[in-house]
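>>> Kindly return the folded structure for what I paste below:
(one chain, ligands or ions: 2)
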Amino acid sequence: MGRVSVDALLWLSFGGPEGPADVRPFLENVTRGRGVPPERLDEVEQHYQHFGGVSPINELNRDAIAAVEGELAARDMKLPVYFGNRNWHPMVEDTVARMAADGVKRALVFPTSAYGGYSACRQYDEDIIRARAAVPDAPELVKVRQFFDHPLFVEAFADAVRGALVTLPDDARLVFTAHSVPLAADNAAGPPDEGGRRYSRQIAEAARLVAGKVGVAEYDVVWQSRSGPPRIPWLDPDIVDHIEALSAQGVGAVAVCPVGFVSDHLEVIWDLDNEAAEKAAELGMLFARAGTPSSDPRFADLVVELVREHTDGVEPRKLSTMPAAGCTVNGAPCAVGCCERVTRP
Ligand SMILES: CC1=C(CCC(=O)O)c2cc3nc(cc4[nH]c(cc5[nH]c(cc1n2)c(C)c5CCC(=O)O)c(CCC(=O)O)c4C)C(CCC(=O)O)=C3C
Ligand SMILES: [Fe+2]
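Ligands and ions are numbered 1, 2, ... in the order given. Below you'll find the predicted structure:
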């Protein structure tokens, strides 16, 4: 890998509301043109209002950025970090405008998602394209690769899983979960010649790597947070249904690892700590949830290492043989037809 000089790092995330009045406009931004039924929006609005209309994602991002800034400073790397989001302030368009005004000519982009697929990867490329189109003299933006199989990502999750398992009896079942997507979206994930399903195959691979590190041979991979409408097939089973199925099989304890996410944002704390935990309690099952890597000190090391793959020619570390994908320049797809958006009927 070559060495390129960059002037900044752009931390690109999903965004979330910071107060009750932000919730509805935020949800309108998220679902614009995505065919999510209004009943589902009303329901999700309640989840956010339950936490005072504040998503934890913004503070989690600011904390993670502070840790990365610390790690960069410790290494004497002079790289200012900028923060921009797809769906809420600071909006990435405004952030890129500020970068241009500050004279940034070329920046690396760290997306807060480890995986491929439309929602987890390509949509961040669309954010980059939209932001650059809105800003005269926008910097060149180079997005770093997917990191679902990076040893630091896997080790952070493995420690979190160990932390959950020690609170449970020895026969607890380990269950990995990730955000569900429509089957059609998963089928279109990856370049056409790869046969699709890049997202679900990467989730399965990350789960295998984490379970292997912990030394657990049997585990499940399930899904969460689907948006419907019910007539469209999504990846399943859902975590809550799966907990019921495990209970019916006589399983008495479950450790849940949200391997599909980097931080304890709202979909993790609502759908797992609330809904899944409640279902387990109702069935008399013990429940523990593993944490996510953004709060682990290794996460800052991971981000800096991904940066150094570009700036210092550091050899990419990967624990799987799946291709290192997702590195894009100015939002152009990493391969023709890769992770295309699937339009909903
Ligand atoms: C794969 C994936 C990730 C992981 C990759 C990544 O991290 O980027 C992710 C992350 C997140 N999703 C989030 C929030 C939401 N996602 C929604 C809707 C959707 N997500 C989808 C997929 C994903 N989502 C899909 C296919 C939809 C259907 C509509 C569409 O096709 O676009 C909706 C609409 C209401 C609803 O139906 O739930 C909300 C509010 C938040 C922020 C939470 C917070 O505020 O803390 C985060 C980090
Ligand atoms: Fe989502």
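>>> After the helix or strand containing Arg208, heading C-terminal, what element do we hit next?
Using DSSP states H and E, Arg208 falls within helix 198-214. Where DSSP H and E defines the elements, the next helix or strand beyond helix 198-214 is strand 219-224.
>>> who's in contact with that next one?
173-180, 203-204, 207, 211, 234-239, 242, 258, 267, 271-272, 276 (Cβ atoms under 8 Å, 6 or more residues apart in numbering). For every residue, glycine as well, the C-beta is placed using N, CA and C.
>>> ok, 7 Å please
Contacts with strand 219-224, where a contact means Cβ atoms under 7 Å, 6 or more residues apart in numbering, come from 174-180, 203-204, 207, 211, 235-239, 242, 267, 271-272.
>>> which residues sit against whatever helix or strand comes next after that strand?
Tracing the chain past strand 219-224, the next element assigned as helix or strand by DSSP H and E is helix 239-248. Here helix 239-248 makes contact (Cβ under 7 Å, 6+ apart) with 173, 175, 177, 220, 222-224, 254, 275-276, 279-280, 283, 285.
>>> mind listing which of those are in strands?
The strands, defined by DSSP state E, take in 173, 175, 177, 220, 222-224, 254 from the contacts of helix 239-248.
>>> Need those residues in JSON lines (columns: distance to ligand 1 and pLDDT).
Below are the ones in strands among the contacts of helix 239-248 laid out as JSON lines (distance: Cβ to the nearest ligand atom, whole Å; pLDDT from 0 to 100):
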{"residue": "Arg173", "distance to ligand 1": "24", "pLDDT": "98"}
{"residue": "Val175", "distance to ligand 1": "18", "pLDDT": "98"}
{"residue": "Thr177", "distance to ligand 1": "11", "pLDDT": "98"}
{"residue": "Asp220", "distance to ligand 1": "19", "pLDDT": "98"}
{"residue": "Val222", "distance to ligand 1": "14", "pLDDT": "98"}
{"residue": "Trp223", "distance to ligand 1": "10", "pLDDT": "98"}
{"residue": "Gln224", "distance to ligand 1": "10", "pLDDT": "97"}
{"residue": "Val254", "distance to ligand 1": "22", "pLDDT": "98"}
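>>> From these, pick the one nearest Leu152.
Comparing the ones in strands among the contacts of helix 239-248 against Leu152 with Cβ to Cβ places Thr177 closest, at 20.9 Å.
>>> The closest one touches Val256, doesn't it?
Yes. Between Thr177 and Val256 there is a contact at 6.0 Å, judged by Cβ atoms under 7 Å.
>>> Show me the strands in the stretch 1-150 of the chain, by range?
Assigned by DSSP state E, counting those that start in this stretch, the stretch 1-150 of the chain shows strands spanning 8-13, 81-85, 106-111, 140-143.
>>> Reformat these as CSV; add distance to ligand 1.
Shown next, in CSV, are those (distance: least, Cβ to the nearest ligand atom, whole Å):
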stretch, distance to ligand 1
strand 8-13, 7
strand 81-85, 10
strand 106-111, 7
strand 140-143, 13
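>>> so which of those is the most packed in?
strand 8-13 (a mean of 25; mean count of other Cβ atoms under 10 Å).
>>> Check whether stretch 270-286 comes into contact with ligand 1.
No. Stretch 270-286 stays clear of ligand 1 (Cβ under 6 Å from any ligand atom), getting no nearer than 8.7 Å.
>>> Mind listing residues that contact that stretch?
The contact list for stretch 270-286 (Cβ under 7 Å, 6+ apart) reads 47, 168, 224-225, 239-240, 243-244, 247, 252-254, 256, 258, 287, 289.
>>> next one: stretch 17-26
By Cβ under 7 Å, 6+ apart, the list of residues contacting stretch 17-26 reads 16, 45, 48-49, 52-55, 58, 87-88.
>>> Out of the residues you listed, which are close to ligand 1?
Residues of these in contact with ligand 1 (Cβ under 6 Å from any ligand atom): 16, 55.
>>> To what extent is Ile243 buried, counted in neighbours?
For Ile243, the neighbour count with other Cβ atoms under 10 Å is 27.
>>> what separates it from ligand 1, distance-wise?
Using Cβ to the nearest ligand atom, to the nearest Å, Ile243 is found at 20 Å from ligand 1.
>>> Check Ala172 too.
26 Å.
>>> Chain neighbours aside, what residue packs nearest to that residue?
Excluding the flanking residues, the one nearest Ala172 by Cβ to Cβ, 6 or more residues apart in numbering is Ala253, at 3.8 Å.
>>> Is that neighbour bridged to anything, and to what?
Bridge pairing for Ala253 (DSSP bridges) gives the partners Leu286.
>>> what's the spacing between it and Arg86?
Using Cβ to Cβ, to the nearest Å, one obtains 37 Å as the distance from Ala253 to Arg86.
>>> next one: Asp170
According to Cβ to Cβ, Asp170 stands 42 Å off from Arg86.
>>> ok, of the contacts of stretch 270-286, which come out buried?
Using 16 or more other Cβ atoms under 10 Å as the burial test, those include 47, 168, 224-225, 239-240, 243-244, 247, 252-254, 256, 258, 287, 289 as buried.
>>> quick one: contacts for Gln146?
114-116, 121, 325-326.
>>> Report the spatially nearest residue to Ala8, omitting neighbours in sequence.
Ala107 (4.1 Å).
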